[in-house]
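# structure for this input, please:
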Amino acid sequence: MAQTTEKVIGYLPDETPSAGKLILFAFQQILVMFPATVTVALLTGFHISTTIFASGFATISFLMVTKGKIPLYYGSSFSYIAAIISITGVTSGLAPDALISQAQFGIIMSGVVSIVVGLIVSHFGMDIIEKVLPATITGSIAMVIGISLAGTAITSAAGYANGAASDKAWIAALVTLAATIGFSVYLKGVLGQLPILFGILVGYVASIFLGLVDFGAIWTGTMIEVPHFTLPKANWAAVAAIMPIAIATIPESTAHLFQLDIYVNDLARKKGKPEYKIASKLGLNLIGDGIGDIVASLFGGPAGTNYGENISTMAITKNFSVKVLGSAAIMAMLLAFLQPLSNAIRSVPGSVINGACIYLFGVIGAQGVAIMVNKKVDLFDARNLAVIAVILVVGLGGTYGFPNGMIPFFGMQLPAIATAATVGIVMNLLLSIGKNKAN
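From the prediction side, this is the model:
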């Protein structure tokens with residue numbers, strides 16, 4: 001009997017789905033990025049519609065700068081929240097335009113830092129990155145990113161507020177989680193590439209019956225509303241507060257790129273295609289990061305980052321098409337103008353979105369393990385264990401042990417993940433002194 005081989009389903013970066021699939025896949029990516037991007041705007045005092053527009057525009061700019069070689073979607077970065085709040089002075093409500101403009105200038109300068117580092121990496125090659133950011137660091141940071149988001153996912157899924165959870169929220173979240181996992185495991189073919197979208201839709205329907213959806217809020221306001229754009233204004237206090245964060249977020253961006261490289265090339269091998277050397281494009285990725293921050297902030301958007309949620313969605317669905325991400329970016333920009341559509345997405349209960357995120361954030365953490373396995377990290381080596389251990393405890397302990405994930409340290413407030421990355425880099429460099437001689 002002739003052996004039958006199962007057809008490999010998935011799209012590599014340079015492959016394009018048909019028009020109908022393209023729209024569905026793009027909408028799925030928007031749903032995944034929407035909650036976190038909007039949350040950053042709410043926490044920093046930036047305008048929501050402007051932030052959504054900036055997210056799409058930054059993604060388009062990144063894809064153009066990288067010539068479609070790196071499939072990533074850009075949303076607002078949580079790493080910059082505390083630094084931006086130190087300038088805008090708000091944690092809820094809208095910040096004055098004058099203060100948003102000052103923060104914009106700091107974000108633009110942080111983009112310049114990413115570009116400079118990207119140029120250095122492009123000029124000197126990957127060797128310098130392998131020394132400064134080995135898999136012990138990038139893998140650990142990926143795990144911290146995923147697991148540090150676990151608290152947000154589980155409390156939001158539970159509708160936790162004022163010391164109590166909501167039974168209805170739990171039902172909606174668990175229905176969404178079960179549906180999302182079921183669809184990702186058992187659906188095949190094209191349908192198997194839309195588990196997050198389908199899972200959220202099932203959760204949304206359940207939420208309607210539970211009375212968690214406010215349809216009246218969808219049609220509030222006008223049909224078309226131009227986002228509130230502001231221009232940057234030079235302010236060196238904002239530069240001092242925001243610019244250094246760019247250095248600390250480089251390990252996060254590097255970890256995401258390595259994750260992407262592993263999953264894209266796994267699909268390429270299964271499809272019998274040549275290797276996509278995505279990890280070797282770190283310099284270009286960092287330049288794209290910087291450009292993304294600059295163009296997003298020119299219009300009044302917060303600092304951005306390539307989203308782990310979207311990478312997880314691509315990994316789960318095996319859909320890495322750059323055209324899908326570009327389409328999602330354009331749709332996001334249009335959503336910023338179409339208020340009812342934007343309201344409709346916002347009407348999806350947080351318990352539903354975070355029911356799916358319980359799965360997505362866990363995948364991000366698992367991808368950190370995959371990086372270490374792929375790079376054959378020796379977990380019996382004392383140096384490696386020291387670096388990994390400190391990154392995990394500082395990153396996770398700082399996130400869960402202190403308000404807003406800010407570590408109080410000698411009068412300063414240090415963001416937990418960025419601090420973990422910085423400490424890991426310094427430790428790795430110090431412990432590597434004389435390593436070759438010792439061996």
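# helices along the stretch 301-439 of the chain, start to end?
Applying DSSP state H, counting those that start in this stretch to the stretch 301-439 of the chain gives helices spanning 308-317, 322-335, 339-346, 350-374, 382-401, 416-431, 435-438.
# so of those, which one's packed in deepest?
helix 308-317 (a mean of 25; mean count of other Cβ atoms under 10 Å). Placement of C-beta: from N, CA and C, glycine included.
# in the protein, which residue is most central in space?
For the chain, the residue nearest the mean C-alpha position is Tyr307 (1.8 Å; Cα atoms, centre = their mean).
# check contacts around that one.
32-33, 36, 72-75 (Cβ atoms under 8 Å, 6 or more residues apart in numbering).
# from those, which has minimum pLDDT?
Across these, the smallest pLDDT goes to Ala36, namely 76.
# just give me the neighbour total for that one.
For Ala36, the count of nearby residues is 22 (other Cβ atoms under 10 Å).
# element containing it, please.
Following DSSP states H and E, one finds Ala36 within helix 19-44.
# which other helices and strands contact that helix?
Packed against helix 19-44, as judged by 3 or more Cβ pairs under 8 Å, 6 or more residues apart in numbering; DSSP states H and E, are the following elements: helix 48-65, strand 74-76, helix 81-88, helix 195-210, helix 308-317, helix 322-335, helix 339-346, helix 350-374.
# now do the fifth one: everything it contacts.
Here helix 308-317 makes contact (Cβ under 8 Å, 6+ apart) with 10, 25, 28-29, 32-33, 36, 71-73, 75, 142, 145-146, 149, 184, 192-196, 256, 259-260, 263, 319-320, 325, 357, 360-361, 363-364, 367.
# looking at the helices and strands packed on helix 19-44, which is nearest to Ala173?
Of all the helices and strands packed on helix 19-44, it is helix 350-374 that lies closest to Ala173, at 3.5 Å by Cβ to Cβ.
# the closest one to helix 308-317, inter-axis angle?
Counting by axes from the mean of the first three to the mean of the last three Cα atoms, to 10 degrees, helix 350-374 points 70 degrees away from the direction of helix 308-317.
# what helices and strands are in contact with helix 350-374?
So helix 350-374, by 3+ Cβ pairs under 8 Å, 6+ apart, packs with helix 19-44, helix 135-148, helix 150-157, helix 167-186, helix 195-210, helix 245-270, helix 308-317.
# need these in a markdown table (columns: distance to Ala332).
Shown next, in a markdown table, are these (distance: least, Cβ to Cβ, whole Å):
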| stretch | distance to Ala332 |
| --- | --- |
| helix 19-44 | 6 |
| helix 135-148 | 22 |
| helix 150-157 | 21 |
| helix 167-186 | 22 |
| helix 195-210 | 15 |
| helix 245-270 | 19 |
| helix 308-317 | 12 |
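# quick one: which of these is nearest Phe337?
With respect to Phe337, and counting by Cβ to Cβ, the nearest of those is helix 19-44 at 14.4 Å.
# that closest one: which residues count as buried?
Residues of helix 19-44 classed as buried by neighbour count (16 or more other Cβ atoms under 10 Å): 21-22, 24-41, 43-44.
# how far off centre is it?
Distance of helix 19-44 from the chain centroid (Cα atoms, centre = their mean, to the nearest Å) equals 11 Å.
# quick one, the longest helix belonging to the chain and helix 48-65 angle?
Counting residues, the longest helix in the chain under DSSP state H turns out to be helix 97-124. Going by the same axes, to 10 degrees, helix 97-124 is angled at 20 degrees with respect to helix 48-65.
# what angle do helix 97-124 and helix 19-44 make?
Using the same axes, to 10 degrees, the direction of helix 97-124 lies 120 degrees away from that of helix 19-44.
# redo the helices of the stretch 301-439 of the chain as a markdown table? Include distance to Pro408 and mean pLDDT.
Listed next are the helices of the stretch 301-439 of the chain as a markdown table, based on distance: least, Cβ to Cβ, whole Å; pLDDT from 0 to 100:
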| stretch | distance to Pro408 | mean pLDDT |
| --- | --- | --- |
| helix 308-317 | 27 | 84 |
| helix 322-335 | 36 | 94 |
| helix 339-346 | 34 | 73 |
| helix 350-374 | 26 | 83 |
| helix 382-401 | 10 | 93 |
| helix 416-431 | 11 | 87 |
| helix 435-438 | 34 | 56 |
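# thinking again about what came up before, identify the residues contacting the closest residue to the residue nearest to the centre of the chain other than its chain neighbours.
Nearest non-adjacent residue to Tyr307, counting by Cβ to Cβ, 6 or more residues apart in numbering: Gly75, 4.5 Å away. Contacts for Gly75 (Cβ under 8 Å, 6+ apart) come out as 33, 36-37, 40, 55, 304-305, 307, 309-310.
# rerun that using 10 Å as the cut-off
Residues near Gly75 by Cβ atoms under 10 Å, 6 or more residues apart in numbering: 32-40, 51-52, 54-56, 58-59, 296, 302, 304-310, 332.
# Tyr80 now?
Counted by Cβ under 10 Å, 6+ apart, Tyr80 has contacts 40, 44, 103, 106-107, 110, 241-242, 245-246, 248-249, 293, 302-305, 415, 418.
# switch to 8 Å and redo it
Applying Cβ under 8 Å, 6+ apart to Tyr80 gives the contacts 107, 110, 242, 245, 302-303.
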